[in-house]
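Visitor: need a 3D model of the sequence below.
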Amino acid sequence: MQRYFANTKKDNLLFLNKEDIYHIKTVMRMKQDDKIEVVFEEKLHICKLDSNYNAIIEQILDSNIQKKQYILCIPVLQEQKMSFILQKATELGVDLIIPILTTRSMVKVTGKETQKLERWKRICKEASEQSKRLTIPKITAIKKITDLDISGLKIVCSVKEKNNTLKKILHNNKKYDRIVMVVGPEGGLTELEEQSLIKLGFIPVSLGKNILRVETVPIYLLSILNYEME
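Guide: Numbers count the residues shown, from 1 in each chain. Next comes the predicted model:
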């Protein structure tokens, strides 16, 4: 069954947004009484469509799966790479995405912040539906590195670090419920940026001998976290 997210509920009805209704009618060619999955307040509802394409609740499947919270801080990139990271990070269970401006960021965002943020949210929503998630990752406004004063186990990917591997740090820090990861842009973070993060409590982490593309790093990180921590 196709999965959608609803923002509004009244009695036994869940209401979908216009874009989802268009997708149901035009792309999926569904009709009245066809079944869909609808997520509302992190609960999965099995529904059938009424004549107005509202979702009539037939069954509620509650999920109380608890996991660590994954926060991913990524540089603002060209749209193709940004879209790829948002999709794959969503599929791999990221909870919060923080776009950051770095010295070596090549993309200008002045005057386009709202437009970009709406597009990024839409990508995460669609990826959440495709991957059958019960939540949609939240995306914050674009921040500076000095704004990343967040609690939790905090790591920054570093090309200079040789000894601290991700596996070693995870095995030595199993009590944290939140893991915050900072990924640098192409060319990496500057020395000043990395030192600023270290002052905020971030631990420099080596990702191995090979230099990875910026869009590969989040997949690498989240895949290891899922293997080690779930």
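Visitor: distance of the residue sitting furthest away from the middle of the chain relative to Tyr4?
Guide: Distance to the chain centre peaks in the chain at Ser51, reaching 34.0 Å (criterion: C-alpha atoms, centre = their mean). Distance of Ser51 to Tyr4, computed by C-beta to C-beta, to the nearest Å: 18 Å. Placement of C-beta: from N, CA and C, glycine included.
Visitor: re earlier: I'd say the residue farthest from the centre of the chain and Gln32 touch.
Guide: Yes: contact criterion C-beta atoms under 8 Å: Ser51 and Gln32 qualify, at 5.1 Å.
Visitor: any idea how this structure splits into domains?
Guide: Segmentation of the chain into domains, based on automatic domain parsing, reads 3-61, 69-229.
Visitor: most tightly packed of the ones you listed?
Guide: Ranked by mean neighbour count under mean count of other C-beta atoms under 10 Å, these are led by domain 69-229, which reaches a mean of 17.
Visitor: now the end-to-end length of that domain.
Guide: This stretch, domain 69-229, spans 11 Å end to end (C-alpha to C-alpha, to the nearest Å).
Visitor: from the chain's centroid, how far away is that domain?
Guide: 9 Å (C-alpha atoms, centre = their mean, to the nearest Å).
Visitor: what sits against Arg104?
Guide: Applying C-beta atoms under 8 Å, 6 or more residues apart in numbering, we find Arg104 in contact with Pro75, Gly184, Pro185, Glu186, Gly187, Gly188, Leu189, Thr190.
Visitor: which elements pack onto the helix or strand of the chain with the lowest mean pLDDT?
Guide: Here the helix or strand of the chain ranked lowest by mean pLDDT, DSSP states H and E is helix 166-172, holding a mean of 87. Under the contact criterion of 3 or more C-beta pairs under 8 Å, 6 or more residues apart in numbering; DSSP states H and E, helix 166-172 touches strand 153-157, strand 203-205, helix 217-229.
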